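>>> make a model of this:
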Amino acid sequence: MEMRFDKDIDGLFTKFQKGINLLKNDDRLFRGTLYMSVKDVNPNDRHDVLSEFQKKFQKLLTINRDRNFLTEMYSGNLKINCSPPLGTLGYHDSVRHARQLIEKLVSDPDLSRGFKSGSSFHDCIRLVLAKISILDWTAVDESSQRLEMNELHRKLPGAIRTGCLIPVEAQSKNENLPRSLKDPLLYDKSALCLLDLQQLSRDYPYFSENWASVNQEVPLDDMDDEDVDFGPTCFQANVDTSSIHDTLHSLFQRYLALISKGPLQ
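Numbering: from 1, shown residues only. Presented below is the predicted three-dimensional model:
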């Protein structure tokens, strides 16, 4: 961005200001930092450039005291970087400054910022772009809930089969699926619960004998969730899978009981 495009900058701010009423009601949106890099600024002009931007933002905040895009979309977080001409020592310093800012944001301990996974970011940005393309300015959370329900319906068979999220086209395959196709159901480790065979046998004695027999062949406590694969028959309606369903139902009830007590130590 170059300072000679003064009118373009004012126009950009105006569009930002109009946009705050369009996409709303999604806590995942507008939690970042507005980072503005002004290129080809001579070191002697740096103070004047920063002063010019300061005046523009002061004017914006004065006119829009109640609602303005800087506070609504970026929580008031603003960083301005003046980048000297390409090839100078100052240019490389400005690039280093940008890198340090990104590293600081990535390592932010505040888990409420950002996305838990690449797929969650993909789903969110796909929804936002789709709404923009059809000029749908209804609340994002309503569309997000419908999308999540559709995704849950599509991915549920794979979750029942493997305890992980797997591609829809892989759900009906008979062969064992590689770990590369499996994504964890939970990314927040505080919500994970460790269940050992001894504890499960006490809680569900009617399964303990069968589990003990299986444990002699395969040590169940040494098995990761990603290694369990019930196969495609576990979610087919024409196959008798009542025992599998009962087991999964009991384990899920146990999981809910554990997480209601808080993370295990």
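>>> which element is residue 147 on?
Using DSSP states H and E, residue 147 maps to helix 140-162.
>>> got the buried residues for that helix?
140, 143, 144, 155, 157, 158, 159, 160, 161, 162 (16 or more other CB atoms under 10 Å). In this view, the C-beta of every residue, glycine as well, is placed from N, C-alpha and C.
>>> can you list the domains in the protein?
Listed by automatic domain parsing, the domain ranges of the chain are 6-111, 120-259.
>>> okay, those in a markdown table with mean pLDDT next?
Formatted as a markdown table, the domains of the chain follow (pLDDT from 0 to 100):
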| stretch | mean pLDDT |
| --- | --- |
| domain 6-111 | 78 |
| domain 120-259 | 75 |
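>>> residue 59 and residue 37: what is the separation?
Using CB to CB, to the nearest Å, one obtains 21 Å as the distance from residue 59 to residue 37.
>>> name the residue closest to the centre of this structure, please.
residue 115 (2.4 Å; CA atoms, centre = their mean).
>>> look at residue 79 and give its secondary structure.
strand (DSSP: H, G, I helix; E, B strand; the rest coil).
>>> now for it: which residues touch it?
With contact taken as CB atoms under 8 Å, 6 or more residues apart in numbering, residue 79 is in contact with 33, 34, 35, 36, 101.
>>> any idea how far residue 152 is from it?
Residue 79 is 38 Å from residue 152, by CB to CB.
>>> check residue 123 too.
From residue 123 to residue 152 the distance is 12 Å (CB to CB).
>>> do residue 59 as well
Taking CB to CB, one finds residue 59 at 47 Å from residue 152.
>>> before we move on, what about residue 67?
Distance from residue 67 to residue 152, by CB to CB: 35 Å.
>>> would you map the helices across the chain?
Per DSSP state H, the chain carries helices over the ranges 6-19, 46-63, 69-74, 89-106, 118-133, 140-162, 197-203, 205-217, 242-259.
>>> tabulate those helices (JSON lines), appending distance to residue 179.
Formatted as JSON lines, these follow (distance: least, CB to CB, whole Å):
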{"stretch": "helix 6-19", "distance to residue 179": "42"}
{"stretch": "helix 46-63", "distance to residue 179": "49"}
{"stretch": "helix 69-74", "distance to residue 179": "38"}
{"stretch": "helix 89-106", "distance to residue 179": "25"}
{"stretch": "helix 118-133", "distance to residue 179": "16"}
{"stretch": "helix 140-162", "distance to residue 179": "10"}
{"stretch": "helix 197-203", "distance to residue 179": "22"}
{"stretch": "helix 205-217", "distance to residue 179": "21"}
{"stretch": "helix 242-259", "distance to residue 179": "20"}
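>>> what's the closest of those helices to residue 173?
helix 140-162 (9.8 Å; CB to CB).
>>> from the chain's centre, how far out does the closest one sit?
Computed by CA atoms, centre = their mean, to the nearest Å, the chain-centroid distance of helix 140-162 equals 15 Å.
>>> what's the answer for stretch 169-188, then?
The answer for stretch 169-188 is 19 Å, by CA atoms, centre = their mean.
>>> same thing with stretch 194-212?
35 Å.
>>> what residues sit buried inside it?
195, 197, 200, 204, 207, 208.
>>> got the CA positions of it in PDB?
Below are the C-alpha coordinates for stretch 194-212, written out as PDB (Å, rounded to 0.1, in the frame of the first residue of the first chain):
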ATOM      1  CA  LEU A 194      -8.200 -42.100  29.400                       C
ATOM      2  CA  LEU A 195     -10.100 -45.300  30.000                       C
ATOM      3  CA  ASP A 196      -8.300 -48.500  31.000                       C
ATOM      4  CA  LEU A 197      -9.600 -52.000  30.700                       C
ATOM      5  CA  GLN A 198      -9.700 -52.600  34.500                       C
ATOM      6  CA  GLN A 199     -11.800 -49.500  35.100                       C
ATOM      7  CA  LEU A 200     -14.200 -50.300  32.200                       C
ATOM      8  CA  SER A 201     -14.600 -53.900  33.400                       C
ATOM      9  CA  ARG A 202     -15.700 -52.600  36.800                       C
ATOM     10  CA  ASP A 203     -18.200 -50.200  35.300                       C
ATOM     11  CA  TYR A 204     -19.600 -52.700  32.800                       C
ATOM     12  CA  PRO A 205     -19.200 -56.200  34.200                       C
ATOM     13  CA  TYR A 206     -21.500 -57.800  31.600                       C
ATOM     14  CA  PHE A 207     -18.800 -57.000  29.000                       C
ATOM     15  CA  SER A 208     -15.800 -57.800  31.200                       C
ATOM     16  CA  GLU A 209     -15.500 -61.500  30.200                       C
ATOM     17  CA  ASN A 210     -15.500 -60.800  26.500                       C
ATOM     18  CA  TRP A 211     -13.100 -58.000  26.900                       C
ATOM     19  CA  ALA A 212     -10.800 -60.200  28.900                       C
END
